[in-house]
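Trainee: starting from these lines, generate the structure:
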Amino acid sequence: MTRTRVGVLIAVLCVGVSMGVSAQTTANLTLQGAVAASTAIEVTPLAAASALDLATTASNLSVATLTYHSNDPDGFVITVDSANNFALINPLAPTYNFVGYTMRLTTTGAVFVETTPIVESTTPAPMEVSGPLFISYTGSNLLSAGTFADTLTFTITNN
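Mentor: Below is the predicted model of the structure:
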């Protein structure tokens, strides 16, 4: 080899070393995942819900199971609305046509009337809860004959 070629080869090797040609000794991998927001509510009626004996008084009669789920880290609120302002109404009867009532959810012990929240959770952990709904009312055999009804709408909303 000629001197010029050896000099060029040495220069190339020096440039390679000075440019930091070396192998890395560590490497990073970032893992990441996601969970979609999930909120649900379900009411499962029991037979008693459609066979209330309004001629007698009932206290804490189980009429349904309420199951709800939320994974919102800020918590959630459950409300209930009544079509008849928490009264069972017989629309065909001119008098003695309603029976007021209250409902209670055992998982919270909350008694609810009108549109007050029945469950307010600021618990940051996801949760799924299931528990019975109870109705209490004062019945009377002096009510007008016929069918008395009300419709409740349960809503779960994330905070």
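
Trainee: can you give me the helices in this structure?
Mentor: In the chain, the helices defined using DSSP state H lie at 3-18.

Trainee: number of nearby residues for N141?
Mentor: 7 (other C-beta atoms under 10 Å). The C-beta positions use only the backbone N, C-alpha and C, and glycine is treated the same way.

Trainee: what is the longest strand along the chain packed up against?
Mentor: Under DSSP state E, the strand in the chain containing the largest number of residues is strand 58-70. Helices and strands touching strand 58-70, by 3 or more C-beta pairs under 8 Å, 6 or more residues apart in numbering; DSSP states H and E, are strand 39-45, strand 76-82, strand 127-137, strand 152-158.

Trainee: could you give the angle of the second one to strand 152-158?
Mentor: Orientation of strand 76-82 against strand 152-158 (axes from the mean of the first three to the mean of the last three C-alpha atoms, to 10 degrees) gives an angle of 160 degrees.

Trainee: what about V77, distance to F134?
Mentor: 21 Å (C-beta to C-beta, to the nearest Å).

Trainee: who are the contact partners of the nearest residue to T106 once chain neighbours are set aside?
Mentor: Distances taken as C-beta to C-beta, 6 or more residues apart in numbering place G131 nearest to T106, at 4.6 Å, with adjacent residues excluded. With contacts defined as C-beta atoms under 8 Å, 6 or more residues apart in numbering, the neighbours of G131 are 65-66, 105-107.

Trainee: and G131, what pLDDT?
Mentor: According to the prediction, G131 has pLDDT 87.

Trainee: got a markdown table for the helices and strands packed on strand 58-70, with distance to T25 too?
Mentor: Converted to a markdown table, the helices and strands packed on strand 58-70 look like this (distance: least, C-beta to C-beta, whole Å):
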| stretch | distance to T25 |
| --- | --- |
| strand 39-45 | 47 |
| strand 76-82 | 49 |
| strand 127-137 | 46 |
| strand 152-158 | 47 |
